[in-house]
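>>> give the three-dimensional model of this entry:
(2 chains)
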Amino acid sequence: MTLDNIKPGQGGIISSIGGHGMLRRRLLDMGLTPNTKVKVRKVAPMGDPIELSLRNYVLTIRKEEASKIELKEVFSI
Amino acid sequence: MKYIFALAGNQNAGKTTLYNALTGSNQHVGNFPGVTIEKKEGQIKKYKDASLVDLPGIYSLSPYSMEEVVTRDFLLKENPDLIINIIDATNIERNLYLSLQLMELSIPMVIALNMMDEVRASGNSIDVKRLSDHLGIPVVPISASKGEGISELIDVVMKMAQSQDKSIRKLDFCTGEVHKAIHSISHLIEDQAREAGYPLRFAATKLVEGDEPTFKELNISENQLHIINHVVEDMEMKLEIDREAALADMRYVYIEKICEDTVIKKQETNEQIRSEKIDKILTHKYFGIPIFIGIMFVIFWLTFGLIGAPLQGYLEEIIGVTTEYVSDLMIRFEVNDLLHSLVIDGIFAGVGSVLSFLPLIVVLFFFLSFLEDSGYMARVAFLMDKLLRKIGLSGRSFVPMLIGFGCSVPAIMATRTLSSERDRKMTIILTPFMSCSAKLPIYGMITMAFFPENAAAVMISLYIMGMVVAILSGLLLKSTIFKGEPIPFVMELPAYRIPSRKSIILNMWDKGKDFIERAFTIIFLGTIIIWFLQSFSWSFNMVEDSTHSILASIGSVISPVFIPLGFNDWRASTAIITGLTAKEAVVSTLSVLTGASSDLQLSTAISTIFSPLSSFAFLTFTLLYMPCIAAFAATKRELGSVRYAVMTAVYQTVTAYVVGMLVYQIGNLIL
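Here you go, the predicted model:
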């Protein structure tokens, strides 16, 4: 399951980060590392990007970027 | 300057507020060499021998973004005496990620733990002493917005800078396989790191990470590359994770451990809870966008109407009275006519008309700083991103473009808040295509003469055309000059905060000062040139009637250029040139050159210059061609180079010409 496929109000534990180069590094730098808990809070009015919460802060990324983030566990809050 | 300190930290950590609190108003603003990234340097309050350089807000020291590279280069090559690293205490995990990387640089460092007041007020706590022990560097709790802890911070920083003992405790936060890899590579490259001026630990970590610039700077040989790859591949295999992820993971794991020991978090902070509530409305699925449009509408109305317009009126009056006074004085003292004309018709008229925009700029930036500092701009990017993505930009560019409908000058100045250099450049090029308010009088003049029945439709079509051209240009630029991977849209949505009054006032002051400086330099020069061309004939005699001026003859020379656009009249081409001082000047020039003394006469005169179709081509051209000198000066300032600014102007003018020609030629076929 990837992060773009879960609904607002759901969360998950990251298993791996795909992609490459700048994008991938950026995701890692922002704390989207393996075993991190991340929640989807919201989807923007036009359907993209999405709003996440992790490590006690709020981050927005596009669905395309979210599709690179693989989750190992999905839960509802 | 005896000491140079660098201020580094994440975006939204309160860096600018702390910078202002530390330095006061004694600032020097420039750009980092070769890039459009702003570099601010100021003197630390009460310490004449210590200056502080404000580095860009970044999250990491990766080699990918311009901001990060600039920061790295500054820290590695300029050898600052000390780094002040500001950290948002409410968001400590992610903020410490940068700290760990900065600490590898072996530069003395002090952490300013900002927003501690919020942490405490929410019933949470951070054991500052323990945190400091863990990291091996001083940590000073502060509240930059309330000014708490600032003098303590300065004391700690100065004491550290003045101390003879510059040794820095080596922080070994890596474990297991990563540790092994870093250490074996350290031994391998010790000499090269010293030669390149790289701290060993930093160099080794970066090589493990696969950081391209470090490989180049250290002149890593083929043989070494082979060994490094072998070591790192071995590490990757044992950890079952690639090098970049391994290092990021290691840092975060270490941070989590520190936080477990020092941070007591009972609940979200009050600000975070409040933000979530505010966002329920401001980024609401259905109301979010209408509310944003409403906010922008109110800001426009206040800036260009209720507050800005009367202020502009007063300033115009003051300029007018001053002009008259100076003019009378010059006449009384029988000053030479030429000098009189230069001062009054050239300088006062030109600079004065530009200067009268000052209130609009200051008022607009009051609102924009408020939106930016409160955290709302990030939400705008969130709301609007999808719309701008197709042309290779992100939601962040939306606000400058919107301001472009008011005036290109503040719009271009507002691009400075864009965090990606590529987006900033592209936005600067595209923004002037948004029809600014100074072009309205031109539309009014032409529609009155040719399309009195359909004035609104014509005006709306121009606004839409500007946007369409911007979109097409964006697509073109995206696939040519700005090719390559766009900056990923991975953006923090900071908690809403009430902006500090000082930051807003300083920002308004900055923008105002910037504008005045330009008014008296490049704009001053531009208006004198136009005045000269308008007032003199080729024999360098002053002309009574501007129809005999150099400008008029230049107008007639370039006039045939516009034949494909359907008009060939020296008055039209002259007006296009004078429009460069300010777009409204197109109207005044045409009325002067046609000798019209009323709107009706002007309409009649204009109908002899254009046909309805060619008048529309003329409108298209004036809509799109290079912006006025004030906007050009802003472009130059923000792009940091005359060459790029000229290229931008040429691009805009060529676009205007091509589109104008298409309008006329296709129109001719249809009609």
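>>> secondary structure element for residue B:435?
Taking DSSP states H and E as the definition, residue B:435 sits outside all helices and strands.
>>> any idea how far residue B:42 lies from chain A?
Remark: distance between residue B:42 and chain A (Cβ to the nearest Cβ, to the nearest Å) = 29 Å. Where you see a C-beta, it was placed from the backbone N, CA and C, and this is true even at glycine.
>>> next one: residue B:135
18 Å.
>>> residues near that residue, how many?
Residues lying near residue B:135 (other Cβ atoms under 10 Å in any protein chain shown) number 21.
>>> got the confidence number for the nearest residue to residue B:400 once chain neighbours are set aside?
Spatial nearest neighbour of residue B:400, chain neighbours left out: residue B:414 (4.4 Å); criterion: Cβ to Cβ, 6 or more residues apart in numbering or on different chains. On pLDDT, residue B:414 comes in at 85.
>>> check which helix or strand covers the closest residue to residue B:356 other than its chain neighbours.
Using Cβ to Cβ, 6+ apart and skipping the chain neighbours, the partner closest in space to residue B:356 is residue B:316 (4.7 Å). Counting by DSSP H and E, the element that carries residue B:316 is helix B:308-332.
>>> show residues contacting that helix.
B:302, B:339-340, B:343-344, B:348-349, B:352, B:355-360, B:363-364 (Cβ atoms under 8 Å, 6 or more residues apart in numbering or on different chains).
>>> in contact with the closest residue to residue B:432 other than its chain neighbours, which residues?
Nearest residue to residue B:432, sequence neighbours excluded (Cβ to Cβ, 6+ apart): residue B:627, at 4.3 Å. Counting by Cβ under 8 Å, 6+ apart, residue B:627 touches B:408, B:432, B:436, B:583, B:635, B:649, B:652.
>>> quick one, what contacts the closest residue in space to the last one that isn't next to it in sequence?
In space, residue B:652 comes closest to residue B:626 once its chain neighbours are excluded; the distance is 4.7 Å by Cβ to Cβ, 6+ apart. By Cβ under 8 Å, 6+ apart, the residues touching residue B:626 are B:432, B:580, B:632, B:648-650, B:652-653, B:656.
>>> which of the residues you listed fall within helices?
B:632, B:648-650, B:652-653, B:656 (DSSP state H).
>>> who are the packing partners of the helix or strand hosting residue B:20?
Assigned by DSSP H and E, residue B:20 belongs to helix B:15-23. Applying 3 or more Cβ pairs under 8 Å, 6 or more residues apart in numbering or on different chains; DSSP states H and E, one finds that helix B:15-23 makes contact with strand B:3-9, strand B:38-43, strand B:50-54, strand B:82-88, helix B:150-162, helix B:501-519.
>>> what lies in contact with the shortest one?
Defining contact as Cβ under 8 Å, 6+ apart, one finds that strand B:50-54 is touched by B:1-7, B:15-16, B:19, B:22-23, B:39-44, B:74, B:78, B:80, B:84, B:158, B:161.
>>> also stretch B:470-486?
So stretch B:470-486 is in contact with A:21-23, B:390-394, B:401, B:420, B:422-423, B:425-426, B:429-431, B:433-434, B:655, going by Cβ under 8 Å, 6+ apart.
>>> distance between the ends of it?
End-to-end distance for stretch B:470-486, by Cα to Cα, to the nearest Å: 18 Å.
>>> hang on, the earlier thing: chain A versus the residue nearest to residue B:652, what's the distance?
Counting by Cβ to the nearest Cβ, the gap from residue B:626 to chain A is 33 Å.
>>> and what of residue B:566?
Using Cβ to the nearest Cβ, residue B:566 is found at 40 Å from chain A.
>>> tell me the mean pLDDT for the lengthiest helix in chain A?
Taking DSSP H as the criterion, chain A has its longest helix at helix A:21-29. Averaging pLDDT along helix A:21-29 gives 91.
>>> what does stretch B:559-567 give?
Mean pLDDT, computed over stretch B:559-567, is 95.
>>> show me the contacts for the nearest residue to residue B:530 once chain neighbours are set aside.
Counting by Cβ to Cβ, 6+ apart, residue B:581 is the residue found nearest to residue B:530 once chain neighbours are left out, at 5.4 Å. Contacts for residue B:581 (Cβ under 8 Å, 6+ apart) come out as B:350, B:353-354, B:526-527, B:530, B:628-629.
>>> with pLDDT and secondary structure added, can I get those in JSON lines?
As requested, the contacts of residue B:581 are arranged in JSON lines below (pLDDT from 0 to 100; DSSP: H, G, I helix; E, B strand; the rest coil):
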{"residue": "B:350", "pLDDT": "71", "secondary structure": "helix"}
{"residue": "B:353", "pLDDT": "70", "secondary structure": "helix"}
{"residue": "B:354", "pLDDT": "71", "secondary structure": "helix"}
{"residue": "B:526", "pLDDT": "77", "secondary structure": "helix"}
{"residue": "B:527", "pLDDT": "76", "secondary structure": "helix"}
{"residue": "B:530", "pLDDT": "79", "secondary structure": "helix"}
{"residue": "B:628", "pLDDT": "90", "secondary structure": "coil"}
{"residue": "B:629", "pLDDT": "88", "secondary structure": "helix"}
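>>> most neighbours among those, which one?
Of the contacts of residue B:581, with other Cβ under 10 Å as the count, residue B:628 tops at 27 neighbours.
>>> now that residue: closest residue in space, sequence neighbours ignored.
residue B:582 (5.0 Å).
>>> what's the burial count for the one you found?
22.
>>> measure it to chain A for me?
Residue B:582 is 37 Å from chain A, where distance means Cβ to the nearest Cβ.
>>> do residue B:521 as well
As judged by Cβ to the nearest Cβ, residue B:521 and chain A stand 38 Å apart.
>>> residue B:288 too?
Counting by Cβ to the nearest Cβ, the gap from residue B:288 to chain A is 5 Å.
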